[in-house]
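Novice: I need the structure of the sequence given here:
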Amino acid sequence: MVIDIYTDGSARGNPGNGGYGIVLTSGNFRKELSAGYRLTTNNRMELLAVIVALQQLKKPNMQVNIYTDSKYVCDAIEKKWVFGWKQKNFAGKKNGDLWNEFLKIYAQHQVKMHWVKGHAGHPGNERCDVLATEAADNKTNLLIDVVYEQLQKSENGLL
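Specialist: Modelled structure (predicted):
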């Protein structure tokens, strides 16, 4: 069984309110997911979308195609940069917390990344964009990106 996953992330202001959108498909099965955050970045939402999508898989060693318009996420995985970053404990790299989460779940499956041009009419990507932006724009029920907010407070001398 092959699972196709479409993901997108959004941030209003970058940093600002953010959200992710996910569409999972396999045969006749289809599931959509989204969530919004009160303060985050676009790259964090792009990566979090992939993590949350992979966490939905119930069996190990699944064949998964992930379609994303994020060159940041796609290139880091396909060009294997993330594995070098991990060896250096993400020194000088952002989002190490999320990359560590990604690597845990990534190792459980056979994942192939596919980059798609954003806002180019690709149905899966367009739907994820709508889900991500609606989640980011939802002023109620926004979640807290705890790691990012703590980092912001630390960098601003508030911790």
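
Novice: give me the mean pLDDT for stretch 26-40.
Specialist: In this model, stretch 26-40 has a mean pLDDT of 97.

Novice: let me redo that: stretch 94-108
Specialist: Mean predicted confidence for stretch 94-108 is 97.

Novice: how far is that stretch from where the chain is centred?
Specialist: Using Cα atoms, centre = their mean, to the nearest Å, the distance from the centre of stretch 94-108 to the centre of the chain it belongs to is 10 Å.

Novice: what's the next secondary structure element after the helix or strand harbouring D129?
Specialist: According to DSSP states H and E, D129 maps onto helix 123-137. Counting by DSSP H and E, the next helix or strand C-terminal to helix 123-137 is helix 146-155.

Novice: which parts of this protein are strands?
Specialist: 2-12, 16-26, 29-40, 63-68, 110-115 (DSSP state E).

Novice: now mean neighbour count and distance to Q56 too, for those strands, in TSV please.
Specialist: Every C-beta, even on glycine, is put in place using the N, C-alpha and C of the backbone. Shown next, in TSV, are the strands of the chain (neighbours: other Cβ atoms under 10 Å; distance: least, Cβ to Cβ, whole Å):
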stretch	mean neighbour count	distance to Q56
strand 2-12	24	8
strand 16-26	23	6
strand 29-40	18	7
strand 63-68	20	10
strand 110-115	15	13
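
Novice: mind putting those strands into TSV with distance to L57?
Specialist: Below are the strands of the chain laid out as TSV (distance: least, Cβ to Cβ, whole Å):
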stretch	distance to L57
strand 2-12	7
strand 16-26	8
strand 29-40	11
strand 63-68	7
strand 110-115	10
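
Novice: so which of those strands is nearest E126?
Specialist: strand 2-12 (8.8 Å; Cβ to Cβ).

Novice: list the neighbouring strands of the closest one plus their orientation.
Specialist: Using DSSP bridges, the strands paired with strand 2-12 in its sheet are strand 16-26 (antiparallel), strand 63-68 (parallel).

Novice: any idea how far F102 lies from Q55?
Specialist: 10 Å (Cβ to Cβ, to the nearest Å).

Novice: the more surrounded of these two?
Specialist: More neighbours surround F102 than the other of F102 and Q55, with 22 against 13 (other Cβ atoms under 10 Å).

Novice: now the more buried one: closest residue in space, sequence neighbours ignored.
Specialist: I51 (5.2 Å; Cβ to Cβ, 6 or more residues apart in numbering).
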